[in-house]
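> I would like the atomic coordinates for the input below:
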Amino acid sequence: MYHDTNISSEEIIQQVKFSGQMANILGSIAIHKKITDAAKTKGIEVNDDELQQAADQLRRVNNLQKAEDTYAWLQQHLITPDDFEKMAYFAVLSDKLAEHLFAEQVEPYFAKNQLDYWQAILYEVVLDDQDMAQELYFAISEQEMSFFEVAKKYAQDTEIRRKCGYLGLLKKKDLRPEISASVFSVKPPQLLKPLLTADGAHLILVDEIIQPSLNLDFKKNIVLELFSSWCQT
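Predicted coordinates:
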């Protein structure tokens, strides 16, 4: 519908304001300019092979397997082929600038902050009644019930109950400080004594603790994390 509508630039700007997206868009523009200016200052360039690889990656991400798929996607999003090339160019430029700025900072940063990257596989049941939590803790400890039986019977959240209390793989920063301190101080598998928070009494089974390894993928993640923080300053 909007393809054939005569819409002015002023109307577009007004609608962006009305939608509450103006601050986000201005922020994105500022980050774009910051990256472009910094890359120019550092003498970072993008060659044809890198540009082609980035364009191919954009197509894969958007499931554009055929030329007609790409053409239809460009039309749908009001993007010209030149715009698409600029998107690919900027993606490469950002990656190369991130590596240039932060690749050498990864190891000292990791050494200083590695505890923040520890992860734990947890199961949890939260109860309103502290005394009940204590009773269930002893029942599990004395093998009168399994943790999973307790979760299926007492978990208040339906989805958590279906998953027998399984929370998944969580980083230290994903947990409340008072909970993470207890979780990462034990040798799994270990059932923690009930922990009290504003949400209630937490029965937590620490199934596994995973210490991070500074492999290639993890190094890239840290580079991107540092680069993201730099973009926001």
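> Okay, helices next: where are they in this protein?
According to DSSP state H, the chain carries its helices in the segments 9-18, 22-42, 48-61, 67-76, 81-102, 106-113, 130-141, 147-154, 158-162, 177-183, 216-232.
> which one of these lies closest to residue 169?
Checking the helices of the chain against residue 169 by C-beta to C-beta gives helix 177-183 as the closest, at 12.3 Å. (C-beta placed from N, C-alpha, C; glycine too.)
> can you list contacts of that closest one?
For helix 177-183, the external contacting residues (C-beta atoms under 8 Å, 6 or more residues apart in numbering) are 120, 122, 172-173, 175, 192, 195, 197, 202, 204, 206, 209.
> Now the two most distant members of the residues you listed.
Using C-beta to C-beta, the pair of those lying farthest apart is 197 and 209, separated by 20.7 Å.
> So for the two, which residue has more residues nearby?
The neighbour comparison of residue 197 against residue 209 (other C-beta atoms under 10 Å) goes to residue 209, with 19 against 11.
> bridging residues for that one?
Residue 209 forms beta bridges with residue 120, as assigned by DSSP bridges.
> Tell me the pLDDT of it.
Residue 209 is assigned 95 on the pLDDT scale.
> quick one: contacts for it?
118-121, 183-184, 188.
> now swap in residue 99 and tell me
With C-beta under 8 Å, 6+ apart, residue 99 has these contacts: residue 223.
> How about residue 103?
With C-beta under 8 Å, 6+ apart, residue 103 has these contacts: 219, 223.
> Could you report the distance from the closest residue to residue 100 other than its chain neighbours to residue 145?
For residue 100, ignoring the flanking residues on the chain, the nearest one in space by C-beta to C-beta, 6 or more residues apart in numbering is residue 42 at 5.8 Å. According to C-beta to C-beta, to the nearest Å, residue 42 stands 61 Å off from residue 145.
> Mind checking which of these two has more residues around it?
Shown here are residue 42 and residue 145; by other C-beta under 10 Å, residue 145 has more neighbours (15 against 12).
> For burial, what's the neighbour tally of the closest residue in space to that one that isn't next to it in sequence?
Of all residues not flanking residue 145 in the chain, residue 139 sits nearest, at 4.7 Å (C-beta to C-beta, 6+ apart). As a burial measure, residue 139 scores 15 neighbours (other C-beta under 10 Å).
> picking that back up, could you dump the helices of the chain to JSON lines with distance to residue 168 and mean pLDDT?
Output for the helices of the chain, formatted as JSON lines (distance: least, C-beta to C-beta, whole Å; pLDDT from 0 to 100):
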{"stretch": "helix 9-18", "distance to residue 168": "37", "mean pLDDT": "92"}
{"stretch": "helix 22-42", "distance to residue 168": "29", "mean pLDDT": "96"}
{"stretch": "helix 48-61", "distance to residue 168": "25", "mean pLDDT": "95"}
{"stretch": "helix 67-76", "distance to residue 168": "33", "mean pLDDT": "94"}
{"stretch": "helix 81-102", "distance to residue 168": "28", "mean pLDDT": "96"}
{"stretch": "helix 106-113", "distance to residue 168": "22", "mean pLDDT": "93"}
{"stretch": "helix 130-141", "distance to residue 168": "21", "mean pLDDT": "95"}
{"stretch": "helix 147-154", "distance to residue 168": "14", "mean pLDDT": "94"}
{"stretch": "helix 158-162", "distance to residue 168": "11", "mean pLDDT": "91"}
{"stretch": "helix 177-183", "distance to residue 168": "13", "mean pLDDT": "92"}
{"stretch": "helix 216-232", "distance to residue 168": "18", "mean pLDDT": "94"}
